[in-house]
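A.B. asks: one predicted model, sequence on top.
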Amino acid sequence: MDEEIVSLPVPDDLLAEIFLRLPTPADILRASAACVSFRRVAAHRSFVRRFRKLHAPPLLGFFDDRVFHPAIPPHPSALAASAVALAADFSFSFLPARTCAWVVQDSCDGRILLKSAETDEAIFSEMLVCDPLHRQYLLLPPIPDDLAASVENPLPIKPRFWCQTFLIPPGDDEDAAAAEEMPFRVIWLVLCKTKLFAFVFSSSTGQWRAIPSQRWNNLFAGLLSSGNTVFRFRQYVYGSFYWRTGYAETSMLVLDTRRMEFSIAELPPEAKSSYSLAIAMVEAGKSRPGIFMLKDGGFTLSYCTMKNDAGSLGHWQEEKTISLGRGHYLIGSTERYLLLFRLRSSSDRPGFYTLDVKTFHLEKVCDSSTSSFLNLHPYSNLPSSLLSLPTIPRGVENLVEEMLKQGCAASSSA
């Protein structure tokens with residue numbers, strides 16, 4: 001008589017490891033539909049966090065100051081972009097009403113950073129971070145008076161060039177408890193005549209803190225005397241932000257978000273005299289930065305990577321050249337793509353494009369106009385409600401609200 005084979009349940013932690021090896025979000029959806037236990041594992045916040053780190057959400061489109069431009073056919077994300085555009089509120093009607101409109105400042109990991117559009121002279125504006133797919137938002141507390149008072153003598157140029165606010169992409173060094181809550185951080189950065197000031201907000205603490213300021217003569221003396229500015233075309237590579245310092249400079253300002261320290265990095269000599277829209281940083285693999293540069297009047301794209309010299313990053317080496325044709329501008333990068341804008345051609349309208357940094361495949365994402373591409377923010381997310389959990393941490397709303405109440409009470413008593 002044959003013995004009956006008893007099927008033992010698979011532990012949740014082993015199921016999670018199996019699911020992490022599935023290649024696409026669609027495979028996770030199919031697996032989660034098999035039974036209740038599969039869905040429980042696939043929908044758990046810690047699993048979603050790990051899956052999103054291994055499988056970056058697709059690029060669904062771009063934001064300018066106020067409008068979302070979704071990917072259109074035949075782009076592979078067109079269907080997902082359409083689904084998210086229907087499910088999300090990209091008009092931001094769920095945000096609190098203000099006299100001035102809310103203006104998009106940055107987009108990262110499904111979140112949007114916005115600030116109140118006040119006058120050009122305003123240094124400190126009201127800001128919030130929202131999740132348009134789940135219609136959640138968090139009003140950021142004001143920067144404390146003692147930190148705000150330390151900022152003096154901002155440069156006499158347009159605020160958009162000397163003052164920036166932006167989100168920090170999630171890092172790999174977050175502990176398990178923090179990863180459960182999907183925390184986020186916001187940086188407020190301002191360029192003054194003698195110093196560079198920066199403050200960082202953490203959703204984990206609900207507080208702002210100062211990043212050690214740097215005097216310009218400690219970073220690069222004489223840079224600002226020529227009228228150059230570091231506050232255009234911010235790029236993010238391997239935990240650091242990069243800014244081009246000027247038209248005729250090969251130096252870049254760097255902010256390491258792990259140590260919260262400023263430093264200087266050198267571009268390839270070929271980058272000298274290249275305009276800002278001709279250079280973009282990317283992740284080349286093995287913790288090495290890569291850089292794309294437009295050459296020959298914008299017809300050719302050169303790709304260089306930083307090579308190792310005796311175990312440390314050393315010189316730049318050209319890896320590949322790509323013929324693009326006329327009318328392309330580099331406007332940034334993501335973990336996987338180089339982002340470009342192309343002017344109207346004889347056969348197509350102006351539009352946004354991506355270049356896969358591994359395959360070098362050029363692909364159109366959507367149409368646009370020349371008036372919006374200088375303030376562009378890529379938006380990536382997963383359309384599935386299973387893998388697109390709310391990105392505003394639970395409980396932080398109450399924490400910040402309590403801090404705001406305490407601040408108001410202190411002001412009243414004073």
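C.D. replies: Everything's here; your move.
A.B. asks: could you give the bridge partners of P289?
C.D. replies: E283 (DSSP bridges).
A.B. asks: what about it, neighbour count?
C.D. replies: The number of residues packed near P289 is 19, by other CB atoms under 10 Å. C-beta here means a position set from N, CA and C on the backbone, and glycine is covered the same way.
A.B. asks: cool, Y329 as well?
C.D. replies: Other residues lying near Y329 total 19 when counted by other CB under 10 Å.
A.B. asks: with E283 instead?
C.D. replies: Using other CB under 10 Å, E283 has 17 other residues around it.
A.B. asks: so it touches Q235, yeah?
C.D. replies: No: using CB atoms under 8 Å, E283 is not in contact with Q235, being 10.5 Å away.
A.B. asks: quick one: the helices in the stretch 151-300 of the chain, in order.
C.D. replies: 159-162, 176-181, 216-219 (DSSP state H, counting those that start in this stretch).
A.B. asks: so what's the gap between stretch 88-95 and the chain middle?
C.D. replies: 20 Å (CA atoms, centre = their mean, to the nearest Å).
A.B. asks: residue ranges with poor pLDDT in the stretch 151-300 of the chain?
C.D. replies: Low-confidence segments of the stretch 151-300 of the chain, defined by pLDDT under 70: 153-161, 172-181, 220-232, 245-250, 272-277.
A.B. asks: which residues of it fall in strands?
C.D. replies: Remark: strands assigned in the stretch 151-300 of the chain by DSSP state E, counting those that start in this stretch are 163-168, 185-191, 195-202, 207-215, 235-237, 240-244, 251-256, 261-266, 279-283, 289-295, 300-309.
A.B. asks: what about the ones you listed, which gets the closest to Y337?
C.D. replies: Closest of the strands of the stretch 151-300 of the chain to Y337 is strand 279-283, at 8.4 Å (criterion: CB to CB).
A.B. asks: neighbouring contacts of that closest one?
C.D. replies: Applying CB atoms under 8 Å, 6 or more residues apart in numbering, the contact partners of strand 279-283 are 233, 235-238, 242, 244, 267, 271, 289-294, 330-333, 335, 338-339, 357.
A.B. asks: cool, stretch 78-95 as well?
C.D. replies: Contacting residues not belonging to stretch 78-95 are listed as 58, 60-61, 67-68, 70-72, 75, 102, 112, 114, 128, 130, 132-133, 135, 137, 381-383 [CB under 8 Å, 6+ apart].
A.B. asks: now the residues you listed: which count as buried?
C.D. replies: Buried residues within the contacts of stretch 78-95, defined by neighbour count using 16 or more other CB atoms under 10 Å: 58, 60-61, 68, 70-72, 75, 102, 112, 114, 128, 130, 132-133, 137, 381-383.
A.B. asks: for the residue nearest the centre of the chain, what are its contacts?
C.D. replies: Residue closest to the average C-alpha location in the chain (CA atoms, centre = their mean): C108, at 4.1 Å. By CB under 8 Å, 6+ apart, the contact set of C108 is 167-169, 184.
A.B. asks: returning to what we had before: any chance of the strands of the stretch 151-300 of the chain in a markdown table with distance to A149 as columns?
C.D. replies: Output for the strands of the stretch 151-300 of the chain, formatted as a markdown table (distance: least, CB to CB, whole Å):
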| stretch | distance to A149 |
| --- | --- |
| strand 163-168 | 16 |
| strand 185-191 | 13 |
| strand 195-202 | 11 |
| strand 207-215 | 11 |
| strand 235-237 | 30 |
| strand 240-244 | 25 |
| strand 251-256 | 23 |
| strand 261-266 | 21 |
| strand 279-283 | 34 |
| strand 289-295 | 37 |
| strand 300-309 | 40 |
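A.B. asks: quick one, which of those gets closest to C366.
C.D. replies: Within the strands of the stretch 151-300 of the chain, the stretch nearest C366 is strand 279-283; the backing value is 18.9 Å (CB to CB).
A.B. asks: between the closest one and strand 261-266, how many degrees?
C.D. replies: 110 degrees (axes from the mean of the first three to the mean of the last three CA atoms, to 10 degrees).
A.B. asks: strand 279-283: which residues count as buried?
C.D. replies: Quick answer for strand 279-283 (16+ other CB under 10 Å): 279-283.
A.B. asks: strands - which of the contacts of stretch 78-95 land there?
C.D. replies: 60-61, 68, 70, 102, 112, 114, 128, 130, 137 (DSSP state E).
A.B. asks: with those in mind, which one is nearest to G298?
C.D. replies: Using CB to CB, the ones in strands among the contacts of stretch 78-95 come closest to G298 at G61, 24.5 Å.
A.B. asks: and the pLDDT at the closest one?
C.D. replies: We note a pLDDT of 93 for G61 in this prediction.
A.B. asks: how about it, nearest residue that isn't a chain neighbour?
C.D. replies: Excluding its sequence neighbours, the residue lying closest to G61 (CB to CB, 6 or more residues apart in numbering) is P70, at 4.1 Å.
A.B. asks: how close does that neighbour sit to S368?
C.D. replies: Separation of P70 from S368 (CB to CB, to the nearest Å): 11 Å.
A.B. asks: now do S77
C.D. replies: 16 Å.
A.B. asks: neighbour count: these two, which is higher?
C.D. replies: Under the neighbour definition other CB under 10 Å, S77 and S368 were set side by side, and S77 has more, 23 against 20.
A.B. asks: give me the number of residues near E319?
C.D. replies: Neighbours of E319 under the rule other CB under 10 Å: 12.
A.B. asks: ok, back up a step: could you dump the contacts of C108 to CSV with distance to Y303 and neighbour count?
C.D. replies: Output for these, formatted as CSV (distance: CB to CB, whole Å; neighbours: other CB atoms under 10 Å):
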residue, distance to Y303, neighbour count
L167, 27, 21
I168, 26, 22
P169, 22, 15
F184, 31, 23
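A.B. asks: nearest to V36 among those?
C.D. replies: F184 (31.3 Å).
A.B. asks: once you drop chain neighbours, what's closest to that closest one?
C.D. replies: Spatial nearest neighbour of F184, excluding adjacent residues (CB to CB, 6+ apart): S203 at 5.0 Å.
A.B. asks: roughly how far does the one you found sit from Q136?
C.D. replies: Between S203 and Q136 the computed distance is 12 Å (CB to CB).
A.B. asks: give me the common contacts of those two.
C.D. replies: The contact sets of S203 and Q136 overlap at I392 (CB under 8 Å, 6+ apart).
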